[in-house]
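> could you look at this predicted model? Sequence included:
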Amino acid sequence: MKIYICFPEGKAKTLTMSYDDGRTEDKRLVSIFNEYGIRGTFNLNSGLMDQEQRIHKEELKAVYQGHEIATHTLTHPTIARCPATQIYREIVEDRKALEKITGYPVRGHAYPNGSVSDQVKRIFSDCGIAYGRTVEETGSFELPAEWMNWKATCHHNHNLLELGEKFLDFKKTQYLKCMYVWGHSYEFTMHQNWETIEQFCKMMGRQPDIWYATNIEIHDYMEASKLLQFAADESFVYNPTAMDIWLSVDGEIVKLPGGEQKSLL
């Protein structure tokens, strides 16, 4: 018997987006994502939200509905240079402010200026952060080996359409693949290239073999999949989590509802 973990509905590919700073151009970007069924994560500095050219607190929930709001520190320092007390304050106060607005646990992060260290990762993890996105790029579609050091496939200015085509063409379902795009929405205005993201989303959107997910949804799904309890002979499996998990069992797609045990024979 050959058993593989799958993404929801038995899919083997996922696409996720990550955009920083909460600038007003996010409104246009979110509308493009929504048009094509793309989903993503928006990393916000709650201490800067009342500045000009940023999404303000009172409109936050409406603008980002259906997407993830994540932390980007309170005031966007180059965090690895800061003392530990400031590191704690920057992440805890950002979480508290964003959670007060969103009404849900805010557990994701993108490192401001790409600044990260072992100390930063340890403190952020202790403060309830589940993953941290760097500014490094892989040019590939692998899931992260370390969630607190999550590297994107590419910035949207770096071979986006070519990599998108490559991702669409990848059909080997024995692998789980993730395309992860990052950037800042104001860059589309600055570089006058909104057509690039519009073309990408039109090309990538509503594909039947892609799971469109936020960063935290991918993290939580993969972590939940590790908790499945298989019989020694793999004849049955128990899902102790509250999340539905999907398997491929000898090529047949099997849904494991949260809290249930299921025969695999």
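Thanks, I have the structure now. Numbering: from 1, shown residues only.
> ok, and what's touching stretch 223-237?
Contact with stretch 223-237 is made by 1, 3, 5, 238-241, 243, 245, 247, 256, 261-265, as judged by Cβ atoms under 8 Å, 6 or more residues apart in numbering. Any C-beta I mention is one placed from the backbone N, CA and C, and that applies to glycine too.
> and it, what's buried?
Buried residues in stretch 223-237, counted by 16 or more other Cβ atoms under 10 Å: 224-225, 228, 237.
> which two in those are spaced the farthest apart?
Maximum pairwise distance in the buried residues of stretch 223-237, criterion Cβ to Cβ, is 12.9 Å, between Ala224 and Val237.
> on that earlier part again, now, which of the contacts of stretch 223-237 sits nearest Asp21?
With Cβ to Cβ as the yardstick, the closest approach to Asp21 among the contacts of stretch 223-237 comes from Met243, at 30.6 Å.
> ok, and what's touching the helix or strand Ser18 falls within?
Taking DSSP states H and E as the criterion, Ser18 maps to strand 13-20. Identification of contacts with strand 13-20 by Cβ under 8 Å, 6+ apart yields 7, 26, 29, 33, 38-43, 72, 110, 112, 133, 141, 152, 167, 170, 176-185, 204, 209-215, 218.
> neighbouring strands - and their directions - for it?
strand 40-44 (parallel), strand 177-183 (parallel), strand 210-212 (parallel) (DSSP bridges).
> go through the buried residues of stretch 223-237 and flag which are in strands.
Val237 (DSSP state E).
> can you list the buried residues of stretch 223-237 in JSON lines and add pLDDT and distance to Lys121?
Listed next are these as JSON lines, based on pLDDT from 0 to 100; distance: Cβ to Cβ, whole Å:
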{"residue": "Ala224", "pLDDT": "98", "distance to Lys121": "22"}
{"residue": "Ser225", "pLDDT": "98", "distance to Lys121": "23"}
{"residue": "Leu228", "pLDDT": "98", "distance to Lys121": "27"}
{"residue": "Val237", "pLDDT": "98", "distance to Lys121": "32"}
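> so which of the buried residues of stretch 223-237 are in helices?
224-225 (DSSP state H).
> check contacts around the residue lying closest to Asn113 once chain neighbours are set aside.
In space, and not counting its chain neighbours, Asn113 is closest to Thr78: 4.9 Å by Cβ to Cβ, 6 or more residues apart in numbering. Shown in contact with Thr78 (Cβ under 8 Å, 6+ apart): 112-113, 115.
> ok, back up a step: and for the following helix or strand past the strand holding Ser18, what's in contact with it?
Scanning forward in sequence from strand 13-20 by DSSP H and E, the next helix or strand is helix 26-36. Identification of contacts with helix 26-36 by Cβ under 8 Å, 6+ apart yields 17, 19, 38-40, 42, 55, 63-64, 66-67, 185, 188, 194, 197-198, 201-202, 204-206.
> what residues of helix 26-36 count as buried?
Applying 16+ other Cβ under 10 Å to helix 26-36 flags 26, 29-30, 32-33, 36 as buried.
> helix, strand or coil for Asp220?
helix (DSSP: H, G, I helix; E, B strand; the rest coil).
> need the contact list for the nearest residue to it once chain neighbours are set aside.
Closest residue to Asp220 apart from its sequence neighbours, by Cβ to Cβ, 6+ apart: Met243 at 7.0 Å. The contact partners of Met243, taken as Cβ under 8 Å, 6+ apart, are 220-221, 224, 258.
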